[in-house]
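Student: Give me a 3D structure for the following:
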Amino acid sequence: MPLHLIPREAKFFDLLEGLSSPLADRSAALAGRSAAPADPEAGAGPADAIGRMVAALDASFITPFDREDIYRLAVALVDVRSTIDDAAHRLGESEDTSGFAAALGAIVAICTGIDAAVRALRDPSKNAEGLRGHLVAIERDVDAAARRLPADGPEGREDLAAGLRRIGIEASVRRALDACREAGRAVAVVVVKGA
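Tutor: Numbering: from 1, shown residues only. As a prediction, this is how the structure comes out:
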């Protein structure tokens, strides 16, 4: 049984997991072009989630890892959620979303990996190999998904409004991918510093 010299307060892990767990469902709804499922955080909003994290950080003398890293990870998880919701909104406004299916499917896998990596932070020494695997997969999948996005706007040059909607969708999906990359990197910082 490993000896932890630093207390591992569960509240930080619970708050981080509360931010990461709905990501897979929200991204699956995005990929399936359905409404995002309701989650307990939805009514509170991202600002409240960050506020609860800041309050927990202020109330704790000892944290399981650096305060800045906890905050960075929480903000990154909220950003993933916000960018997924923005992409879903933009996709909902468009009739033609061809060319985005591969990237949207990748976002589901990436969000599932982010959630698994955040859950593995409770005991990184026990989950070290799985954590490394998730982090490598997140980077690889973000790069692959970004390459599969349509690069030069709409084919056939349909009307201007439809073309602008497609460009907006592409931009919002890229922002979601960038937010996923940042969340993966925020987890990686915690893992590397904790090693």
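
Student: hey, let's count contacts and neighbours off CA atoms from now on
Tutor: OK.

Student: so where's this protein shaky on pLDDT?
Tutor: Scanning the chain for pLDDT under 70 picks out 1-9, 33-47, 95-97, 125, 127-128, 151-158, 194-195.

Student: ranges for the helices of it?
Tutor: 10-32, 40-59, 67-92, 101-120, 128-148, 160-194 (DSSP state H).

Student: how about those in CSV, adding mean neighbour count?
Tutor: Below are the helices of the chain laid out as CSV (neighbours: other Cα atoms under 10 Å):
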stretch, mean neighbour count
helix 10-32, 21
helix 40-59, 14
helix 67-92, 21
helix 101-120, 23
helix 128-148, 18
helix 160-194, 20
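
Student: doesn't residue 119 make contact with residue 131?
Tutor: No: counting by Cα atoms under 8 Å, residue 131 stays clear of residue 119, with 9.4 Å between them.

Student: Common neighbours of the two, please.
Tutor: The overlap between the contact sets of residue 131 and residue 119 (Cα atoms under 8 Å, 6 or more residues apart in numbering) is empty.

Student: Now the residue nearest to the spatial centre of the chain: closest residue in space that isn't a chain neighbour?
Tutor: The centre of the chain sits closest to residue 80, judged by Cα atoms, centre = their mean, with a distance of 3.8 Å. Among residues not flanking residue 80 along the chain, residue 179 sits closest, at 5.0 Å (Cα to Cα, 6 or more residues apart in numbering).

Student: what sits against the one you found?
Tutor: Neighbours of residue 179 in contact, by Cα under 8 Å, 6+ apart: 76, 77, 79, 80, 83.

Student: For residue 59, give its distance to residue 161.
Tutor: 50 Å (Cα to Cα, to the nearest Å).
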